[in-house]
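Enquirer: show me how the following folds:
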Amino acid sequence: MLQPEHVTKQQIAFLRKLYLAHLIDDQQHNLLSLQKLTGMPRRTLQDAIAAFSDIGITVEFVQDGGRNNAGHYHIKTWGPINSAWVGTHLTQIALILQLPKA
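Expert: Next comes the predicted model:
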């Protein structure tokens with residue numbers, strides 16, 4: 001696993017996507033709940049989720065009501081990513097991202 005002091009911006013962006021995908025796959029989340037849980041800015045979350053396809057993760061937004069933003073994200077497929085590996089290394093990923101472990 002990477003050492004926190006030797007991580008590039010690209011690696012942080014990659015790990016952020018893995019971390020968010022794990023959270024979304026573990027529970028139903030929308031932007032507000034992810035923002036409260038991670039402390040990440042809304043725009044950072046939106047950008048990371050929009051870029052999931054860059055690493056092969058397919059996500060969809062499931063509408064739960066009449067309002068456009070009433071609903072939650074759902075991971076359809078992890079693509080080439082091993083979701084079990086992410087779960088096993090979640091503590092280290094959170095440490096590198098300087099976030100609380102979910």
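
Enquirer: for the residue positioned nearest the centre of the chain, what are its contacts?
Expert: Nearest to the mean C-alpha position of the chain, counting by CA atoms, centre = their mean, stands L20 at 1.0 Å. Neighbour list for L20: 34, 38, 45, 48-49, 52 [criterion: CB atoms under 8 Å, 6 or more residues apart in numbering]. C-betas here are computed from N, CA, C, even on glycine.

Enquirer: could you do R42 as well?
Expert: 31, 35.

Enquirer: please report the distance of it from L95.
Expert: 23 Å (CB to CB, to the nearest Å).

Enquirer: what's the answer for V59, then?
Expert: Taken as CB to CB, the span from V59 to L95 is 24 Å.

Enquirer: of those two, which one has the most company?
Expert: V59 (18 against 15; other CB atoms under 10 Å).

Enquirer: did I read that right, that one in a strand?
Expert: Yes: under DSSP: H, G, I helix; E, B strand; the rest coil, V59 falls within a strand.

Enquirer: burial check on I81, number of neighbours?
Expert: Every residue meeting other CB under 10 Å relative to I81 is counted, giving 19.

Enquirer: check the one 5 residues further on too.
Expert: Applying other CB under 10 Å, we find 18 other residues in the vicinity of V86.

Enquirer: just how off-centre is the strand or helix carrying it within its chain?
Expert: With elements taken from DSSP states H and E, the one containing V86 is helix 83-88. Relative to its chain's centre, helix 83-88 lies at 13 Å (CA atoms, centre = their mean, to the nearest Å).

Enquirer: got the buried residues for that helix?
Expert: 83, 86 (16 or more other CB atoms under 10 Å).
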